[in-house]
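> how would this look folded up:
(chains A and B)
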Protein chains: 2
Amino acid sequence: MTGVTTGEGSAETAFRDVLIESGLLIPTSVLGIYGRSGVFEGVVMGIEDLVTRETAPDRPEVVRYPPVLPRRDVETSGYLDSFPHMTGSVWTLSGGEREAIELGERASRHEDWSEYQEQSESMLVPAACYPAYPWVAAAGPLPTRGRLIDIECYCFRHEPSTDPARMQAFRQRENVRLGSSKEVSQWHSSWIRRGTSILASLGLAVEPTPASDPFFGRGGKVLAQSQKEQALKIELVYPLHSRERPTPIMSINYHLDLFGTAFGIFTADGASAHTACFGFGVERITLALLKEHGLDVESWPAAVRDRLWPSR
Amino acid sequence: MTGVTTGEGSAETAFRDVLIESGLLIPTSVLGIYGRSGVFEGVVMGIEDLVTRETAPDRPEVVRYPPVLPRRDVETSGYLDSFPHMTGSVWTLSGGEREAIELGERASRHEDWSEYQEQSESMLVPAACYPAYPWVAAAGPLPTRGRLIDIECYCFRHEPSTDPARMQAFRQRENVRLGSSKEVSQWHSSWIRRGTSILASLGLAVEPTPASDPFFGRGGKVLAQSQKEQALKIELVYPLHSRERPTPIMSINYHLDLFGTAFGIFTADGASAHTACFGFGVERITLALLKEHGLDVESWPAAVRDRLWPSR
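Okay, here's the model as predicted:
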């Protein structure tokens, strides 16, 4: 299951080459794992700060998680039923001193040392909101008007690709709304407009598009169809490589009571909580800005720079 | 190899309990993996910005890496010879549709699904400077006066512990100096004073202490002894839990030509490059500040707040 996704082919590869030549992305020997230059990271931080300012009136609770979380929580979430092909689990030393020494010797010769590893209690975070659900569940029933959480995390998805927008390790900046179906569906709808407007203020004309997650296998097609028909997942897409196959740079997702039921999260009146989230793909938005306004960040339109870096 | 490190025992556990009760750290079901509150993260960001301002006169090149890097690079570094017990490798789906479905079903019942995983090309970053070496090597010989790189990364070490200062996933903010032995050893020495002074400006009285890395096994004891005798690793330690066993919150490391030789990094005149790095343990410094100045960040001394957040 290590096939390389190529997708748009030449347009993607050409843009990737330009990003690497300009030093904005630094390639490694693994497809989809890149270093980011200080300039690239400055744009990412500008987007993060803009989201902070735009959501400040909503007074979200802020929490940040590391890039690993308990394996048991991923199992509980149901993610492994739907996306077993995407996940990364963390493995650590199995055995004692003899095995540890053999591991080191084989590794120094670039030989196979996998037999000295065993599955640990941790996995890589698959989406930024996942660590929030067990935390919220442990706090007991939601307060009367539910909760709103600001979360950001490095996520991992195993899909090696030549498309610079399809990284294996990338950040999602999310807000998660938890409450009654009415509260959550209203919040979900409101973010289609708000998200579009925030991205438009950066000069990015995006199109809200009903979408589906890449559910695994034959059964997954049914799930994807249903998700699309109910408009549970809306992606804001930008023509990064082509107009025909634009790239999602933000997604707005209504989970119904999927996570409420899985993790045992209840509203104040005892119903299974509904949840929704939005996620800004901060690397993808950075790529879209570089595509739209050019590689020289200093020469971007003043209005865009003011939105990203108001105090500069 | 999943023994829990307990160390100072009651003092550590008591401080951990206080941090959790106050909401600054959010526990998970895995020891050493925590969520961070917005307040905690605000201190981390203040430390990061302070380091940026303090190192600005040195004009370092800025680069940021995700929390995973190519397995091959870790093998090349020699890390797996010395610390096979600390590493985390990333495993992903092995097999086709049948195995993927069985994986999901077992996971939903919290049963063992490890047989459907295979070792991927990636590992978790063991220390923030590791991704830099293959990048620098690929650029060819160093310029005449060497290079200075500003790097920060989420790192992983598999050492489950009740000590809140011994997290499995944590950030290191590093500068890495590469050049001749003279350039690098001078830079290394200068940071003992500079690091001590930066931490003192936050009200943290730290003690520079010759130290050694936790090399694995019997052979590791010899390496550790030699490292200490040559004063290659200096830790700035703070009495987080006790005066007898203070906690390192910054380390300043001279690698001699270890990485220069391993990765093939050469100076302008063709010698194997020497390298050194400093690393601020940003979570540990945050814990030290909470210990020193109290849990209520708003009531910290004005001089400390001005250093962390000059524009507030």
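
> and the contacts of stretch A:43-54?
A:36, A:150, A:152, A:171, A:173, A:194, A:198, A:202, A:280, A:282-283, A:285-286, A:289-290, A:297, A:307-309 (C-beta atoms under 8 Å, 6 or more residues apart in numbering or on different chains). In short, each C-beta sits where N, CA and C put it, glycine included.

> for chain A, what's the longest helix?
Ranked by residue count and defined by DSSP state H, the top helix of chain A is helix A:181-200.

> pLDDT of that one, averaged?
Average pLDDT, helix A:181-200: 98.

> swap in stretch A:121-139?
Model confidence over stretch A:121-139 averages 97 on the pLDDT scale.

> what comes up buried for it?
Residues A:121-137 are the ones in stretch A:121-139 that count as buried (16 or more other C-beta atoms under 10 Å in any protein chain shown).

> what residues does the stretch 151-300 of chain A have near chain B?
When proximity is defined as C-beta under 8 Å from any C-beta of the partner chain, the stretch 151-300 of chain A approaches chain B at A:154, A:156, A:158, A:160, A:167-170, A:216-218.

> okay, the residues you listed in JSON lines with pLDDT and secondary structure next?
Listed next are these as JSON lines, based on pLDDT from 0 to 100; DSSP: H, G, I helix; E, B strand; the rest coil:
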{"residue": "A:154", "pLDDT": "98", "secondary structure": "strand"}
{"residue": "A:156", "pLDDT": "98", "secondary structure": "strand"}
{"residue": "A:158", "pLDDT": "97", "secondary structure": "coil"}
{"residue": "A:160", "pLDDT": "95", "secondary structure": "coil"}
{"residue": "A:167", "pLDDT": "98", "secondary structure": "coil"}
{"residue": "A:168", "pLDDT": "98", "secondary structure": "coil"}
{"residue": "A:169", "pLDDT": "98", "secondary structure": "strand"}
{"residue": "A:170", "pLDDT": "98", "secondary structure": "strand"}
{"residue": "A:216", "pLDDT": "84", "secondary structure": "coil"}
{"residue": "A:217", "pLDDT": "80", "secondary structure": "helix"}
{"residue": "A:218", "pLDDT": "77", "secondary structure": "helix"}
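
> what's the closest of those residues to residue B:67?
Distances from these to residue B:67 were compared by C-beta to C-beta; the smallest belongs to residue A:154, at 5.4 Å.

> could you look up the SS state of residue A:121?
Each residue gets one of three states, and residue A:121 gets strand by DSSP: H, G, I helix; E, B strand; the rest coil.

> and the gap between residue A:38 and residue B:51?
Distance, residue A:38 to residue B:51, using C-beta to C-beta, to the nearest Å: 14 Å.

> what about those two, which has more around it?
Applying other C-beta atoms under 10 Å in any protein chain shown to residue A:38 and residue B:51 shows that residue B:51 carries more neighbours, namely 21 against 14.

> let me know the pLDDT of that one.
Predicted confidence (pLDDT) at residue B:51: the value is 98.

> on that earlier part again, let's see the PyMOL selection covering just the buried ones among the contacts of stretch A:43-54.
The buried subset of these, as determined by 16+ other C-beta under 10 Å, is captured in PyMOL by this line:
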select buried, chain A and resi 36+150+152+171+173+194+198+202+280+282+283+285+286+289+290+297+307+308
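
> the closest residue to chain B within the stretch 151-300 of chain A: neighbour count?
The stretch 151-300 of chain A approaches chain B most closely through residue A:169 (3.4 Å), counting by C-beta to the nearest C-beta. Counted with other C-beta under 10 Å, the neighbours of residue A:169 add up to 25.

> what's the spacing between it and residue B:103?
Using C-beta to C-beta, one obtains 22 Å as the distance from residue A:169 to residue B:103.

> and residue A:229, how many neighbours does it have?
Neighbours of residue A:229 using other C-beta under 10 Å come to 10.

> what does residue A:306 give?
Under the neighbour criterion other C-beta under 10 Å, residue A:306 is assigned a count of 12.

> you'd agree it is in a helix?
Yes - the assignment for residue A:306, made by three-state DSSP, places it in a helix.

> pLDDT score for it?
According to the prediction, residue A:306 has pLDDT 98.

> circling back: other SSEs contacting the longest helix of chain A?
Other elements packing on helix A:181-200 under the criterion 3 or more C-beta pairs under 8 Å, 6 or more residues apart in numbering or on different chains; DSSP states H and E are helix A:38-55, strand A:169-179, strand A:233-238, strand A:247-254, strand A:274-281.

> show me the one of the ones you listed that comes nearest residue A:111.
Set against residue A:111 and scored by C-beta to C-beta, the helices and strands packed on helix A:181-200 come closest in strand A:169-179, at 25.6 Å.

> what domains does the record give for chain A?
Chain A resolves into domains spanning A:10-88+A:126-308, A:91-123 when parsed by automatic domain parsing.

> in TSV: these, plus distance to residue B:247.
Formatted as TSV, the domains of chain A follow (distance: least, C-beta to C-beta, whole Å):
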stretch	distance to residue B:247
domain A:10-88+A:126-308	19
domain A:91-123	23
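
> closest one to residue B:61 among these?
Proximity to residue B:61, assessed across these by C-beta to C-beta, is greatest for domain A:10-88+A:126-308 (7.2 Å).

> so how far is the first residue of that closest one from its last?
Criterion C-alpha to C-alpha, to the nearest Å; first-to-last residue distance in domain A:10-88+A:126-308 is 31 Å.

> distance to residue A:303 added to the residues of the stretch 151-300 of chain A next to chain B, as JSON lines?
Written out in JSON lines, the entries for these read as follows (distance: C-beta to C-beta, whole Å):
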{"residue": "A:154", "distance to residue A:303": "30"}
{"residue": "A:156", "distance to residue A:303": "35"}
{"residue": "A:158", "distance to residue A:303": "39"}
{"residue": "A:160", "distance to residue A:303": "37"}
{"residue": "A:167", "distance to residue A:303": "28"}
{"residue": "A:168", "distance to residue A:303": "34"}
{"residue": "A:169", "distance to residue A:303": "31"}
{"residue": "A:170", "distance to residue A:303": "27"}
{"residue": "A:216", "distance to residue A:303": "43"}
{"residue": "A:217", "distance to residue A:303": "46"}
{"residue": "A:218", "distance to residue A:303": "48"}
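
> out of those, who has the most neighbours?
residue A:156 (30 neighbours).

> which non-adjacent residue is nearest the residue minimising distance to the centre of chain A?
Centroid-nearest residue in chain A, with C-alpha atoms, centre = their mean: residue A:172, separated by 3.8 Å. Leaving aside its chain neighbours, residue A:172 sits nearest to residue A:128 (3.9 Å; criterion: C-beta to C-beta, 6 or more residues apart in numbering or on different chains).

> what distance do you get for that neighbour to residue A:152?
Note on residue A:128: its distance to residue A:152, by C-beta to C-beta, is 6 Å.

> contacting residues around the residue nearest to the residue of the stretch 151-300 of chain A closest to chain B when sequence neighbours are not counted?
Nearest residue to residue A:169, sequence neighbours excluded (C-beta to C-beta, 6+ apart): residue B:66, at 3.4 Å. In this structure, residue B:66 makes contact with A:33-34, A:67, A:154, A:167, A:169-170, B:125, B:153, judged by C-beta under 8 Å, 6+ apart.
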